[in-house]
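Q: okay, sequence plus prediction incoming.
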2 protein chains.
Amino acid sequence: MTDRAADIDILVSEVGPRDGLQSIKAIMPLEAKKAWVAGEAAAGVREIEVGSFVPAKLLPQLADTAELVRFAKTIPGLTVAVLVPNARGAQAALEAGADKLTLPLSVSETHSLANLRKTHEQVLAEAKAIAGIIAALPHGQRPHFEGSLSTVFGCTLEGAIPDAQIARLAEGLMAAGCDEVGLSDTTGYADPSAVRRLIGLVRGVVGERAVTGIHLHNTRGLGLANALAAIECGLDTLDSSLGGIGGCPFAPGASGNIVTEDLVFMLEAMGLRTGIDMDHLFAVRTQVAAALEGEPLYGFTPDAGLPKGFSPAAAQREGGLA
Amino acid sequence: MTDRAADIDILVSEVGPRDGLQSIKAIMPLEAKKAWVAGEAAAGVREIEVGSFVPAKLLPQLADTAELVRFAKTIPGLTVAVLVPNARGAQAALEAGADKLTLPLSVSETHSLANLRKTHEQVLAEAKAIAGIIAALPHGQRPHFEGSLSTVFGCTLEGAIPDAQIARLAEGLMAAGCDEVGLSDTTGYADPSAVRRLIGLVRGVVGERAVTGIHLHNTRGLGLANALAAIECGLDTLDSSLGGIGGCPFAPGASGNIVTEDLVFMLEAMGLRTGIDMDHLFAVRTQVAAALEGEPLYGFTPDAGLPKGFSPAAAQREGGLA
């Protein structure tokens, strides 16, 4: 959790405008993106990954990320997160004013070469360069800098990645100057036991305080079970996507990312405060669905509705039930 | 778990032929049902709820339950389970040779009256009558008798049900002569915390050994997270449905029941042996899909496929990884 607010227990970090939109061919107009970000922030979402600083010719859907960051920065209390593939992207993110930068490092070198065209050492060199740029800023202007271990639960090209390699890369990210190391189930290979095991492995290398967040997919339907395992390990930041858009959908009814709406329902039902108002969130879903024109949205809770007599976590706590 | 086999850790109890088919208007021919049951048994499924002994005019889809029980009883090693609404149904189930009888008792009396047209006391009287019929049988011929607390996580009519009422009914089922008490999330209201809390509540009344199984729905997408919570409490019998058919689907992509294929993947990935061969199970799915002619099947793993280099639980154990 980038910013540990006292009134929430779990930070739900919305990644739809980045991870969702990069998977959709149509380009969402900037005004619709702004309405989405503003809508979720008004619903109580505290952190949103609004885009990625990659070349516009690679991801034209995210070409307006700098403008969206500048808009999002006008929303009080919102942590504005972005993905950066390298130091050049980080520089652009800082100029736009992003609060949090995430640099992905695929623990599968085959995947790293295929995806970012960089070896592990080259990505670690970028991490070091980014940390250097950040360190040169005045203290109050430094963004949070996360290195994210992608394909950490296994790679579609290499299969399982050796623990020693994962440990070495987690250590490398911290040595390069990251504030924390995230885990990312890029391929949807995770299961609850693997979630626990990998969190333990990486914490064993970089310390407990440097592992607080996880990015899970729902490719095999285990997204929320994996999220539960992560929470039980004490992680307090979970990425998810409104309507589950993005990730790698294979099957009809299968969303790539875990669905923000269902995740928030699970957490609030469990008495874990997210700060998010669900009816408001469902209204944003309707608005985003309209902007996405025919793209399928996933998730069960918006259609099923909340249980009769449902109490969100804050109300449970007031009633002494939590 | 009705029959604690030493070579499995979790008993996946397939309920599709009962809970699934009763939700589908079309009547599956007996031969197709037989192929389904035989196929899942050959894939390694150890317990199948093949039908319900309710009047054929109420559920014509299950009118051939007695014949299906007799067929399933010819399959070595398979526990043949059925649902019975009353003593008359139990008598018919015993004549057909069922190994396990489940009597549902809705902890919401409003739901009980709407669904079974019986008060709590009337259902408990049926439980007592069934236990009497079973007790009159020779020891080796007595089936396992489960009383299942339905709507235990809340009712769409009444909302939350008071703990004291749930405790009284659990006690009532055991006093009537049930061998164990199951929990059933009829409405899809459960969350992982509620699963833990209710298991604790009911165990506190009837003892740990009398609570081993749970019937979960996936109405709000939390099915596998709830299953994980139940396993962590030590439950070892989980109901699920091939392709997720049945239950109360509300949303596109939403299955009512938890999906056998995804559940088995989660358990095996976690190193928990189910005895089920996944490729064989996926083949049965294809066969059932053909028999169901256009009914949607749910679940993610069959389409996504198994992770590269995936090891089922038994192989993990041999390799010393579990």
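A: Alright, I've got the coordinates.

Q: how about the most centrally placed residue in chain A, nearest residue that isn't a chain neighbour?
A: For chain A, A:Asp239 is the residue whose C-alpha lies nearest the centre (Cα atoms, centre = their mean; 3.5 Å). Sequence neighbours aside, A:His215 is the residue nearest to A:Asp239 in space, at 4.1 Å (criterion: Cβ to Cβ, 6 or more residues apart in numbering or on different chains). C-betas here are computed from N, CA, C, even on glycine.

Q: hang on, isn't that neighbour packed against A:Leu235?
A: No: shown here, A:His215 and A:Leu235 do not form a contact pair, counting by Cβ atoms under 8 Å, at 10.9 Å.

Q: more neighbours: these two, which one.
A: Per other Cβ atoms under 10 Å in any protein chain shown, whichever of A:His215 and A:Leu235 has more neighbours is A:His215, with 26 against 22.

Q: how near is that one to chain B?
A: For A:His215, the distance to chain B (Cβ to the nearest Cβ, to the nearest Å) stands at 17 Å.

Q: tell me the pLDDT at that residue?
A: A:His215 is assigned a pLDDT of 97 by the prediction.

Q: for chain B, give me its nearest residue in the stretch 1-150 of chain A.
A: A:Ser108 (10.5 Å; Cβ to the nearest Cβ).

Q: number of residues surrounding the spatially closest residue to A:Phe300 that is not a sequence neighbour?
A: Among residues not flanking A:Phe300 along the chain, B:Gly221 sits closest, at 3.9 Å (Cβ to Cβ, 6+ apart). A count of neighbours around B:Gly221, defined by other Cβ under 10 Å, yields 30.

Q: am I right that B:Gly221 sits in a helix?
A: No: counting by DSSP: H, G, I helix; E, B strand; the rest coil, B:Gly221 is located in no helix; its state is coil.

Q: can you give me the neighbour number for A:Thr65?
A: A:Thr65: 28 surrounding residues under other Cβ under 10 Å.

Q: again with A:Arg196
A: 16.

Q: ok, then the element right after the helix or strand hosting it?
A: Using DSSP states H and E, A:Arg196 maps to helix A:192-206. Next in sequence after helix A:192-206, counting helices and strands by DSSP H and E, comes strand A:213-215.

Q: what does that following strand rub up against?
A: A:1, A:11, A:13, A:15, A:146, A:148, A:180, A:182-185, A:195, A:199, A:226-227, A:230, A:235-239 (Cβ atoms under 8 Å, 6 or more residues apart in numbering or on different chains).

Q: list the strands paired with that strand, with their directions.
A: strand A:180-184 (parallel), strand A:237-240 (parallel) (DSSP bridges).

Q: just those: most buried one?
A: Of all these, strand A:237-240 carries the top mean neighbour count, a mean of 27, counting by mean count of other Cβ atoms under 10 Å in any protein chain shown.

Q: CA atoms only: put the helix or strand following that strand into PDB for me.
A: Next in sequence after strand A:237-240, counting helices and strands by DSSP H and E, comes helix A:260-269. C-alpha atoms of helix A:260-269 as PDB (Å, rounded to 0.1, in the frame of the first residue of the first chain):
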ATOM      1  CA  THR A 260     -12.900  -4.900  -9.100                       C
ATOM      2  CA  GLU A 261     -16.600  -5.200  -8.300                       C
ATOM      3  CA  ASP A 262     -16.400  -8.900  -7.100                       C
ATOM      4  CA  LEU A 263     -13.100  -8.200  -5.200                       C
ATOM      5  CA  VAL A 264     -14.600  -5.200  -3.300                       C
ATOM      6  CA  PHE A 265     -17.700  -7.300  -2.500                       C
ATOM      7  CA  MET A 266     -15.600 -10.100  -1.100                       C
ATOM      8  CA  LEU A 267     -13.500  -7.700   1.000                       C
ATOM      9  CA  GLU A 268     -16.400  -5.700   2.300                       C
ATOM     10  CA  ALA A 269     -18.400  -8.800   3.100                       C
END
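
Q: for A:Leu281, pull up the helix or strand it's in.
A: Per DSSP H and E, A:Leu281 falls inside helix A:278-292.

Q: that helix - what's its average pLDDT?
A: On average, the pLDDT along helix A:278-292 is 97.

Q: hmm, who's touching that helix?
A: With Cβ under 8 Å, 6+ apart as the test, helix A:278-292 has contacts from A:16, A:24, A:26, A:28-29, A:32, A:35-36, A:39-40, A:42-45, A:242-243, A:245, A:260-261, A:264-265, A:268, A:295, A:297, A:299, A:301-302, A:306, A:312.

Q: only whichever of those are buried, select them in PyMOL.
A: The PyMOL selection below is limited to those of the contacts of helix A:278-292 classed as buried (16 or more other Cβ atoms under 10 Å in any protein chain shown):
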select buried, chain A and resi 16+28+32+35+36+39+40+43+44+45+242+243+245+260+261+264+265+268+295+297+299+301+302+306+312
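
Q: which members of the contacts of helix A:278-292 occur in strands, if any?
A: The strands, defined by DSSP state E, take in nothing from the contacts of helix A:278-292.
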